[in-house]
Structure formats: structure tokens, C-alpha cells
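Student: Pasting the sequence and the predicted model now:
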Amino acid sequence: MSLTLQDIERIAWLARIEIDAREAADVHAKLTSIFTMIDALDAIDTSGIEPMSHAQDMTTPLRDDRVTESDRRADFQRVAPATEDGLYLVPRVIE
């Protein structure tokens, strides 16, 4: 994919970003190098390669599934403006 300077200016206009001609040329050069790298990656034959979830063969360490904090709901509700039956009451916002 290739972009023209007019494409860069249109994208900047759509994003409501004000850029001058020098900045547009700089962005054009950077995006062109990015698209060149993407084209090089697309040219690599990846058929027969199994997708990986991580670059290294590793698993996430797991911890014991146990409660580590005390129940402080009563403390939190004591400072709330309004509660009822363990629930926080809030003003109605939809009429």
C-alpha cells in the first residue's frame, strides 16, 4: 500500500490535526517505511507454522484461589450517602 502526500493531508484533516507541508512529508516518509516493513513481513511464507500465543514456550504462573482480604463492605457502606439491603442507592439519571 502506498500513500500520497494528499492522502496524508486528508488523514490529518479527518483527525483534525494541523500539519504543514514539511510535517506531512515527514509523516509520509515514516508511513512509507512502515508499509515497506509490512510488505516484507507479508512476503514471508508462514504456511505450516502453527500460531503461538506467546513468543516463548511458557505458561502463566498460577496462585492459589483463596481469599486474602477481609470483607469490608460494612465499612465502605457506612460512609456512603445512601444504602439499602447492602446496595448503594444512587439518584435516578433516566427520566
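Tutor: Everything's here; your move.

Student: Now do the phi/psi pair for Ile38.
Tutor: phi -60, psi -40 (degrees, to the nearest 10).

Student: Please renumber the chain so that the first residue is 14 from this point on.
Tutor: In the new count, where the first residue is 14, that last one comes out as Ile51.

Student: burial of Ile21, as a residue count?
Tutor: 21 (other CB atoms under 10 Å). In short, each C-beta sits where N, CA and C put it, glycine included.

Student: I figured it hits Ala37, correct?
Tutor: Yes: using CB atoms under 8 Å, Ile21 is in contact with Ala37, at 4.8 Å.

Student: show me what contacts Ile30?
Tutor: With contact set as CB atoms under 8 Å, 6 or more residues apart in numbering, Ile30 has no partners.

Student: what bits of this structure have low per-residue confidence?
Tutor: 14 (pLDDT under 70).

Student: for it, what spans make up the helices?
Tutor: Assigned by DSSP state H, the chain shows helices spanning 18-27, 34-55, 86-91.

Student: What angle do helix 18-27 and the second one make with each other?
Tutor: Computed with axes from the mean of the first three to the mean of the last three CA atoms, to 10 degrees, the direction of helix 34-55 lies at 110 degrees from that of helix 18-27.

Student: For helix 34-55, buried residues please.
Tutor: 37, 40-41, 44 (16 or more other CB atoms under 10 Å).

Student: which of these lies closest to Pro104?
Tutor: Using CB to CB, Val40 is the member of the buried residues of helix 34-55 that lies nearest Pro104, at 47.2 Å.

Student: Contact partners for the closest residue to that closest one other than its chain neighbours?
Tutor: In space, and not counting its chain neighbours, Val40 is closest to Ile21: 5.3 Å by CB to CB, 6 or more residues apart in numbering. The contact partners of Ile21, by CB under 8 Å, 6+ apart, come to 32, 37, 40-41, 44.

Student: Can I get the residues you listed in a markdown table including distance to Ala87?
Tutor: As requested, the contacts of Ile21 are arranged in a markdown table below (distance: CB to CB, whole Å):
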| residue | distance to Ala87 |
| --- | --- |
| Ile32 | 56 |
| Ala37 | 60 |
| Val40 | 56 |
| His41 | 61 |
| Leu44 | 57 |
